[in-house]
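Trainee: prediction below, plus the sequence it came from.
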Amino acid sequence: MDDNRTLLNILSSVSLEYLAQRAGDIRKNTVAGLAIMMLLLIALGVFAFAFIVLIGDAIGSYCGGAFIVGGIYLALAVMLFVFMKRPVQQKSDRWKAMLLLVVRNLRDSLSG
């Protein structure tokens with residue numbers, strides 16, 4: 001019985017250390033990803049504004065240029081929505097399978 005408790009204590013401490021390390025890694029990756037995403041969104045906004053001005057000068061109406069650029073973005077959003085795969089669901093399924101495997105192994109080691 002003491003061996004099972006020792007095993008559980010070791011597993012729980014190793015699991016907590018692993019989770020703490022992963023949380024730190026996730027925080028670092030999230031901050032870096034958000035910084036890159038913000039930079040890309042700002043650059044996209046600047047290019048969109050420049051494109052609106054360019055088209056607005058060409059057709060004689062800045063409002064018309066804004067509607068054309070908005071239509072382009074709307075068409076891109078629709079295409080992304082239609083052709084997008086579901087990678088979040090695939091990752092979620094992998095995590096569920098891994099968790100189920102760990103629980104089964106732990107149950108087998110405690111019962112055996």
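Mentor: Yes, it's here.

Trainee: helices of this protein, residue ranges please.
Mentor: For the chain, the helices defined by DSSP state H cover 2-59, 62-83, 87-111.

Trainee: quick one: mean pLDDT over the longest one.
Mentor: In this model, helix 2-59 has an average pLDDT of 81.

Trainee: show me what that helix is packed up against.
Mentor: Packing partners of helix 2-59 (3 or more Cβ pairs under 8 Å, 6 or more residues apart in numbering; DSSP states H and E): helix 62-83, helix 87-111. The way it works is simple: take the backbone N, C-alpha and C, and place the C-beta from them, glycine included.

Trainee: in TSV, list the helices of the chain along with mean neighbour count.
Mentor: Shown next, in TSV, are those (neighbours: other Cβ atoms under 10 Å):
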stretch	mean neighbour count
helix 2-59	11
helix 62-83	12
helix 87-111	10
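
Trainee: quick one on the thing from earlier: ranking the helices and strands packed on helix 2-59 by mean pLDDT, which is last?
Mentor: Here the lowest mean pLDDT among these goes to helix 87-111, at a mean of 67.

Trainee: list the contacts of Y73.
Mentor: Applying Cβ atoms under 8 Å, 6 or more residues apart in numbering, we find Y73 in contact with A48.

Trainee: measure it to F47 for me?
Mentor: Per Cβ to Cβ, to the nearest Å, Y73 is found 12 Å from F47.

Trainee: same check on L40?
Mentor: For L40, the distance to F47 equals 10 Å [Cβ to Cβ].

Trainee: kindly report the same for D25.
Mentor: Taking Cβ to Cβ, one finds D25 at 33 Å from F47.

Trainee: ok, back up a step: between the helices and strands packed on helix 2-59, which gets nearest to V31?
Mentor: Between V31 and the helices and strands packed on helix 2-59, the shortest gap by Cβ to Cβ is with helix 87-111, which sits at 20.2 Å.
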